[in-house]
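Undergrad: What shape does this take:
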Amino acid sequence: MSGIILVFTVRLIDPLYGPMGEELGWRGFAQPLLQVDRSPLLAILILALLVASWHLPLWVLPQFGLSSIDILSDFLATVAVTFWYAWLFNHTGGSVLMALVAHATEGSIQTEQLWTAGAAAARMSLLYAVVWCIVAIGLIIFDWQF
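TA: Okay, here's the model as predicted:
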């Protein structure tokens with residue numbers, strides 16, 4: 001339990017590790033600007049593609065050894081989870097802190113570490129993407145004012 005708390009804390013406050021810098025930039029800066037003259041849904045779709053494209057170099061570098069299905073899964077999961085963070089940001093009055101906490105929490109649980117075998121890990125990666133896609137679609141359907 002203390003290990004999870006430590007990982008969460010490091011992810012939450014370390015500006016070089018991801019959520020701190022990303023949420024300040026994506027949610028604190030880009031999302032409000034994109035939503036000035038666009039619907040929230042269109043703004044979030046644009047932002048999701050930008051965020052996924054930002055992560056693309058990490059997935060295609062050979063030292064990570066990701067298969068094409070892993071890259072596709074990670075791309076889809078990143079697009080979908082961006083909808084969740086953006087929805088959270090919009091529904092907490094523009095709280096970057098809430099998006100930061102959600103991002104740090106999501107990143108603290110590395111599901112791919114649970115299954116290390118090739119086929120099982122690939123299935124887990126795909127399942128992870130499918131779950132986040134279901135969440136994103138659910139947000140769009142059930143909060144039509146997105």
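Undergrad: And the helices in this protein, which stretches?
TA: Remark: helices assigned in the chain by DSSP state H are 2-13, 19-25, 31-34, 40-60, 68-91, 96-108, 118-142.
Undergrad: Now tell me which of those helices the model trusts least on average.
TA: The minimum mean pLDDT among the helices of the chain belongs to helix 2-13 (a mean of 66).
Undergrad: Ala30 contacts Leu47, doesn't it?
TA: Yes: checked against CB atoms under 8 Å, the pair Ala30 and Leu47 is within contact range at 5.9 Å. C-beta coordinates here come from the backbone N, C-alpha and C atoms, glycine included.
Undergrad: Same list (the helices of the chain) but as TSV, adding mean neighbour count.
TA: Formatted as TSV, the helices of the chain follow (neighbours: other CB atoms under 10 Å):
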stretch	mean neighbour count
helix 2-13	13
helix 19-25	18
helix 31-34	17
helix 40-60	16
helix 68-91	20
helix 96-108	19
helix 118-142	15
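Undergrad: Trp87 and Ile5, how far apart?
TA: 26 Å (CB to CB, to the nearest Å).
Undergrad: And for Ile141?
TA: Distance from Ile141 to Ile5, by CB to CB: 35 Å.
Undergrad: which residues sit in contact with the residue nearest the centre of the chain?
TA: Geometric centre of the chain, nearest residue: Val81, 4.0 Å, by CA atoms, centre = their mean. Neighbour list for Val81: Glu106, Trp132, Val135, Ala136 [criterion: CB atoms under 8 Å, 6 or more residues apart in numbering].
Undergrad: Many thanks, have a good one.
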